[in-house]
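Novice: structural data only, the sequence is not supplied:
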């Protein structure tokens, strides 16, 4: 019985193909090299993160006063601090700080009550807003939150006048840039 197994094993071994390896035989051609893994390229930094904005609109008006809405638009998680100054006296009229905690773009709205000036009179206010927005830094594994926030200051000027029994409200980014009426 052992002899039959030995004969079967020898016949199978003789008819088996020879093994080959990825080694160069002396004097023979070299086998091709396996392809190298790609070199990891750093992700290109985008042209810039979206910036926060300030939009001013009118909520309500009456003959004695009204309410303005300050809409602070956020591109990402961040904080804000705003102050409204009376330009004539230089004193702060209103201000507070807050946060936007959503990782998607959104808006925080703040109300600013104002009184209507007498006929022929006007009011001038300066709105300053300081934003600190999370900085997203690109990495090979996606964007991650950076160590330092991106800080930005925005300033707006608000002019309220009463002429011919009608109250009009204007805004300007820069006093020399011209005024645009808020409707």
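Specialist: Good, I have the coordinates. This one's a predicted model, so the numbers in the text were calculated from it and none came from an experiment.

Novice: would you check how far apart residue 138 and residue 90 are?
Specialist: The gap separating residue 138 from residue 90 is 44 Å, by C-beta to C-beta, to the nearest Å. (C-beta placed from N, C-alpha, C; glycine too.)

Novice: of those two, who's got more company?
Specialist: Ranked by neighbour count (other C-beta atoms under 10 Å), residue 138 and residue 90 place residue 138 first, with 13 against 8.

Novice: just the buried residues of the helix or strand hosting the more buried one, please?
Specialist: Secondary structure assignment for residue 138, by DSSP states H and E: strand 136-139. Residues of strand 136-139 classed as buried by neighbour count (16 or more other C-beta atoms under 10 Å): residue 136.

Novice: average pLDDT for that strand?
Specialist: With pLDDT averaged residue by residue, strand 136-139 scores 78.

Novice: show me what it is packed against.
Specialist: The contact analysis (3 or more C-beta pairs under 8 Å, 6 or more residues apart in numbering; DSSP states H and E) places strand 136-139 against strand 142-145.

Novice: report all helices and strands that the helix or strand that the strand it packs on is followed by contacts.
Specialist: Counting by DSSP H and E, the next helix or strand C-terminal to strand 142-145 is strand 150-163. On a contact count with 3+ C-beta pairs under 8 Å, 6+ apart, strand 150-163 meets strand 53-61, strand 122-133, strand 166-172.
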